[in-house]
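A.B. asks: Sequence and predicted model, in that order:
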Amino acid sequence: MSEQTRQAPAPTGRSARGAHRQLAAALPWLLPALSLIVTIVLFPAAYMVWTSSRDVSQAGVDRGPAGLDNYLALLDLPALGRVLGNTAIWVVGVVLVTLLISLALAQFLNHAFPGRRLVRLAVIVPWAASVVMTSTVFYYALDPFYGIFNHFLVDLGILDAGFGFTRRPVPAFVVAMVVAVFVSLPFTTYTILAGLQMVPEDVVEAARMDGAGSGRIYRSIILPILRPAIAVAVLINIINVFNSLPILRTITGSIPGYDADTTTTLIFKYIQQDRQVDLASALSVVNFLIVLAVIGIYLATLRPMRDE
């Protein structure tokens, strides 16, 4: 190897000045986006961290530094274990069920059949509709007195009288999970469907000619190609589901206590009901750290992008 190939040329002052000029020329175009990020993301996040270390009264008066007292106060919450358990069930259950249904639905939509375009458009409807509106429709349809779903079950003889699906913690929480899966299906399905377009048909045909069955082809050829698409869908669903407030607020918001709460709905209760902004800020910081930890563990354990 020659001396010229071993040593990379050091950047000259002229090239450095050229890079600075390029940065200065691009800065006016980047400034609006940077200002938006600082105003909407970074400043509120920094203020939230700062508030979590303050002693704020219910009237909003800052009474001075609190150190880690707000975080320690979260540990004294009697229902903390239940809330954390609900959060884990909520995220894992919704994301896993959404992924499994979306894999099957995307595989179905990838085949040609009469009316496929209409079916594909119908899948988008839960995504296009407001999450609050969708949750409200489910909530009133399951009302024990005038809900259409309860009347339907009574007419079929399955129930003797209307059942309070949204009046009790466990059934209401399950209903909220069903709604969350329903509204998460369009994005996940279309993300996986886009990944299926990358599967080479000639490789699949060659595998069939070699005697591979449908299950073997799906596990050995299709799923590895879908790994990047699945990674994107799972990551975004984890973030969206973990921070989801409208669905749980609509379905379980009227249930007293913390039996149907996740950490996100508990933040809302701290702000609206108890007016404890400092505790809500501390729990928000904890929520953010939990999301980062879950995403980090997911990426480190499964390495979904390793083939890329």
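C.D. replies: Looks like it came in fine.
A.B. asks: Give me the buried positions along stretch 49-60.
C.D. replies: Buried residues in stretch 49-60, counted by 16 or more other C-beta atoms under 10 Å: 51-54, 56. All C-beta spots, glycine's among them, are computed from the backbone N, C-alpha and C.
A.B. asks: Surely G157 forms part of a strand?
C.D. replies: No. According to DSSP: H, G, I helix; E, B strand; the rest coil, G157 belongs to no strand; its state is coil.
A.B. asks: ok, it to A19 distance?
C.D. replies: 76 Å (C-beta to C-beta, to the nearest Å).
A.B. asks: Give me the more crowded residue out of the two.
C.D. replies: A19 (11 against 7; other C-beta atoms under 10 Å).
A.B. asks: Please identify which helix or strand holds the more buried one.
C.D. replies: Following DSSP states H and E, one finds A19 within helix 13-37.
A.B. asks: Which SSE is immediately downstream of that helix?
C.D. replies: The helix or strand immediately downstream of helix 13-37 is helix 43-51, counting by DSSP H and E.
A.B. asks: relative to helix 13-37, how tilted is that next one?
C.D. replies: On the basis of axes from the mean of the first three to the mean of the last three C-alpha atoms, to 10 degrees, helix 43-51 is oriented at 70 degrees to helix 13-37.
A.B. asks: who does helix 43-51 touch, helix- and strand-wise?
C.D. replies: helix 277-302 (3 or more C-beta pairs under 8 Å, 6 or more residues apart in numbering; DSSP states H and E).
A.B. asks: Go through the helix it packs on and flag the buried ones.
C.D. replies: The neighbour-count check on helix 277-302 (16+ other C-beta under 10 Å) flags 277-287, 290, 294 as buried.
A.B. asks: now those in TSV, with distance to T134?
C.D. replies: Shown next, in TSV, are the buried residues of helix 277-302 (distance: C-beta to C-beta, whole Å):
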residue	distance to T134
V277	30
D278	34
L279	31
A280	26
S281	30
A282	32
L283	27
S284	26
V285	30
V286	29
N287	24
I290	26
V294	26
